[in-house]
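Undergrad: dropping the sequence and predicted coords here.
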Amino acid sequence: MKRQLIALATGALAATMLAGCSSSPASPTTSATTPAPAATNSSPAGPASSTDTSAAVTLVAPGTLTVCTNPPFKPMEYADDSGNIVGFDLDVMGLVAAKLGVSVNPINTDFAQITSGAAMAAKKCDIGASSITITDARKQAVTFSAPYFSATQALAAKSSSGITGLADMKGKNLAVQTDTTGADYANQYSSQYGYTVVVFDDGGTALNAILSGKADATLIDLPIVADFVASNPGTAMVTQFQTGEQYGFAMTKDANGAALASVVNQVLQTAVADGSYLKIYQKWIDPKATSISLPS
């Protein structure tokens, strides 16, 4: 990830563990202050449970934790120059795989197939790791891990556009990623502010629509916006929206999914306690971070 992200992240990410999306979007009141995040909480999570459920987990491919993810969504999940899917979520999955004593195999998967649980139910993968906001609707379809990242939404536009918020979008096109809470948020206020929502299959394409002229602005998760504007001079994060979202990893809604979720939760707690989670956060989000905790 380009280190210019840090300058942008000081007010937007350093206090935020970043969307996907919220089932009840907040009002479009913007904030110039940093959202209160779990990322700066200096109290680590408690020790992992003494009950180890690793042996109860059955994997779709023996010896491998198969992970469904939906890049590009840099820095959370994206393909590097060698074509390998990397990012924050994949590094956390590496910790889970180590706990299970297996390797990791990420598979590029349609986001809706992950959030609906269809990909896991079809045994395409064991777990969905793709910046998935926990919502009540999604809980009906998948078993979620404990929250591992606090998220919010942000608006990206060209620096010269004069756009500072949704109120400036009348008659303009607003890009979103399909099946996300960012799309839900945009749709909720489209009539009020008079813009047209333009849907794209992935977050990278939605953001690049600003550069191609297919959209005047993009509404998507804050960390993704921060990385995008750091890499694209002439673009800016013009505002952010405090939606109170939290990411979770998604598994099948059955006993096996529950057993894997238990392992994931143990790994998250241990990783915060032993500092490995902080190292992942420093690598992908903010190298200056000195402490981190899981969302409450």
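TA: Arrived safely, thanks for sending.
Undergrad: okay, and the closest residue to Ser276 other than its chain neighbours sits in which element?
TA: With C-beta to C-beta, 6 or more residues apart in numbering as the criterion, Ser276 has its nearest non-adjacent residue at 6.4 Å, and that residue is Leu95. C-betas here are computed from N, CA, C, even on glycine. Per DSSP states H and E: Leu95 is located in helix 88-100.
Undergrad: hang on, the earlier thing: residue contacts, the residue nearest to Ser276?
TA: Contacts for Leu95 (C-beta atoms under 8 Å, 6 or more residues apart in numbering) come out as 267, 271, 276-277.
Undergrad: returning to what we had before: please write out the alpha-carbon positions of the helix holding Leu95 in CSV.
TA: Only the C-alpha atoms of helix 88-100 are listed here, as CSV (Å, rounded to 0.1, in the frame of the first residue of the first chain):
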residue,chain,number,x,y,z
PHE,A,88,-5.5,-7.0,5.5
ASP,A,89,-8.3,-9.6,5.5
LEU,A,90,-6.0,-12.2,3.9
ASP,A,91,-3.3,-11.7,6.6
VAL,A,92,-5.9,-12.3,9.3
MET,A,93,-7.0,-15.4,7.4
GLY,A,94,-3.3,-16.5,7.6
LEU,A,95,-3.5,-16.4,11.4
VAL,A,96,-6.6,-18.6,11.3
ALA,A,97,-5.0,-21.0,8.9
ALA,A,98,-2.0,-21.3,11.2
LYS,A,99,-4.3,-22.1,14.1
LEU,A,100,-5.8,-24.9,12.0
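Undergrad: could you pull out the buried residues of that helix?
TA: If you call a residue buried by 16 or more other C-beta atoms under 10 Å, then helix 88-100 has these buried ones: 88-97, 99-100.
Undergrad: do stretch 252-260 as well
TA: 252-253, 256-257, 259-260.
Undergrad: so Leu155, which of the three states?
TA: Secondary structure assignment for Leu155 (DSSP: H, G, I helix; E, B strand; the rest coil): strand.
Undergrad: do the same with Ser293
TA: Of the three states, Ser293 takes coil under three-state DSSP.
Undergrad: and the pLDDT for it?
TA: Ser293 carries a pLDDT score of 92 in this model.
Undergrad: picking that back up, looking at the buried residues of helix 88-100, spot the one nearest Thr135.
TA: Set against Thr135, the nearest of the buried residues of helix 88-100 by C-beta to C-beta is Asp89 (17.7 Å).
Undergrad: tally of neighbours for the nearest residue to the closest one once chain neighbours are set aside?
TA: Once flanking residues are discounted, Asp89 sits nearest to Ala129: 4.2 Å by C-beta to C-beta, 6+ apart. Counted by other C-beta atoms under 10 Å, the residues lying close to Ala129 total 32.
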